[in-house]
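S.K.: missing the sequence, but the structure's below:
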């Protein structure tokens, strides 16, 4: 220990070797945790949010059980044709397999845009829910309240 005392002059104090080692380990762990979080995508990652559509009833024909839904707005990424599934559900939640749903585009860009319409014809008279889901994730893009066709 006398060898260490040669370098200390006067009343200079130094950090204990044990405390120094603990500080170095703590700094190393903090840096490793930061790198792990960054690499695992928790920082700076691009989170994909499911898009949602706002729609309103544009017209309704009770004699043919037909309703035209008008897209009034889109929140999130553009919804590309072929990536969603439109369906008509009976009020009890079962699928109306005889329903026809036709998307009519305003611009014809291959995406759902404001002003596009969905012409929905139910197979029978009754109360239904019109629903659009993302085929990749199964997330709901649009779901109407129960309405009569």
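M.R.: Received the coordinates, thanks. Given the structure is predicted, the values throughout are model-derived calculations rather than measurements.
S.K.: ok, then the element right after the top helix by length along the chain?
M.R.: Determined from DSSP state H, the single longest helix within the chain is helix 17-39. For helix 17-39, the following helix or strand on the C-terminal side (DSSP states H and E) is strand 52-61.
S.K.: show me what that following strand is packed against.
M.R.: The contact analysis (3 or more Cβ pairs under 8 Å, 6 or more residues apart in numbering; DSSP states H and E) places strand 52-61 against strand 66-75, strand 140-143. Where C-beta positions appear, they are placed from N, C-alpha and C, glycine not excepted.
S.K.: for the first one, which strands pair with it and how are they oriented?
M.R.: Just to be clear, that refers to strand 66-75. strand 52-61 (antiparallel), strand 117-121 (antiparallel) (DSSP bridges).
S.K.: ok, now the last one?
M.R.: Listed by DSSP bridges, the sheet partners of strand 140-143 and their directions read strand 127-134 (antiparallel).
S.K.: not counting stretch 69-87 itself, show me its contacts.
M.R.: With contact meaning Cβ atoms under 8 Å, 6 or more residues apart in numbering, stretch 69-87 is reached by 48-58, 95-96, 99, 101, 103, 110-118, 120, 130-136, 141, 144.
S.K.: what do you get if the cut-off is 7 Å, keeping everything else the same?
M.R.: Under the criterion Cβ atoms under 7 Å, 6 or more residues apart in numbering, residues 49-58, 95, 101, 110-118, 120, 130-136, 141 lie in contact with stretch 69-87.
S.K.: mind giving me the ChimeraX select for the residues you listed, buried ones only?
M.R.: Buried residues within these, by 16 or more other Cβ atoms under 10 Å, are selected in ChimeraX with:
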select :50,51,52,53,55,101,112,116,117,118,120,130,131,132,133,141
